[in-house]
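*Asks:* Following is a predicted model, sequence given first.
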Amino acid sequence: MNIAGGSFEIKLLLFAQFREVIGQKELLYKVTIGSTPASVLRSLIGEYPDLARLESVTKFIVNEEFVPGDYKLSPGDTLAFIPPVAGGRDDSSDSRSHIH
């Protein structure tokens, strides 16, 4: 880690659409001092424009804790991008068919 040079590495964990677009499940990523999850995401979008659609809906986890986009990253951190999850079922209205 070259902190004196103003940069260091973090580990990125990539799930769902991130993994599909980037083609890896994790990678080491060089960031500068003062980097945040949001700035890392913007940097990735610069490299992988298909990720732009996820920018406003992605959640961030650093070292297994949800954090805001402006959280300051530290050397050795593990950053996971959590895209929106689809699925499930809305049971708020009972629309089941009844057989008589």
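*Replies:* Structure's in. What do you need?
*Asks:* Only C-alpha atoms from now on, for both contacts and neighbour counts.
*Replies:* Will do.
*Asks:* so which helix or strand takes in the closest residue to Leu27 other than its chain neighbours?
*Replies:* Excluding its sequence neighbours, the residue lying closest to Leu27 (C-alpha to C-alpha, 6 or more residues apart in numbering) is Leu12, at 5.3 Å. Element membership for Leu12 (DSSP states H and E) is strand 7-14.
*Asks:* Adjacent strands (with direction) for that strand?
*Replies:* strand 26-32 (antiparallel), strand 78-82 (parallel) (DSSP bridges).
*Asks:* Packed most tightly, which of those strands would that be?
*Replies:* Using mean count of other C-alpha atoms under 10 Å, the stretch among the strands paired with strand 7-14 with the largest mean neighbour count is strand 78-82, at a mean of 22.
*Asks:* Which residue lies nearest the spatial centre of this structure?
*Replies:* Centrality entry for the chain: nearest residue to the mean C-alpha point is Phe81, 1.2 Å, by C-alpha atoms, centre = their mean.
*Asks:* I'd assumed Thr58 was in contact with that residue.
*Replies:* Yes. Judged on C-alpha atoms under 8 Å, Phe81 makes contact with Thr58 at a distance of 6.4 Å.
*Asks:* ok so, going back, could you dump the next helix or strand after the strand holding Leu12 to PDB, C-alpha only?
*Replies:* Using DSSP H and E, the next helix or strand after strand 7-14 towards the C-terminus is helix 16-22. C-alpha atoms of helix 16-22 as PDB (Å, rounded to 0.1, in the frame of the first residue of the first chain):
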ATOM      1  CA  ALA A  16     -25.400  -9.600  -9.600                       C
ATOM      2  CA  GLN A  17     -25.300  -6.900 -12.400                       C
ATOM      3  CA  PHE A  18     -21.800  -5.700 -11.300                       C
ATOM      4  CA  ARG A  19     -20.400  -9.200 -11.700                       C
ATOM      5  CA  GLU A  20     -22.100  -9.600 -15.100                       C
ATOM      6  CA  VAL A  21     -20.800  -6.300 -16.500                       C
ATOM      7  CA  ILE A  22     -17.300  -6.500 -15.000                       C
END
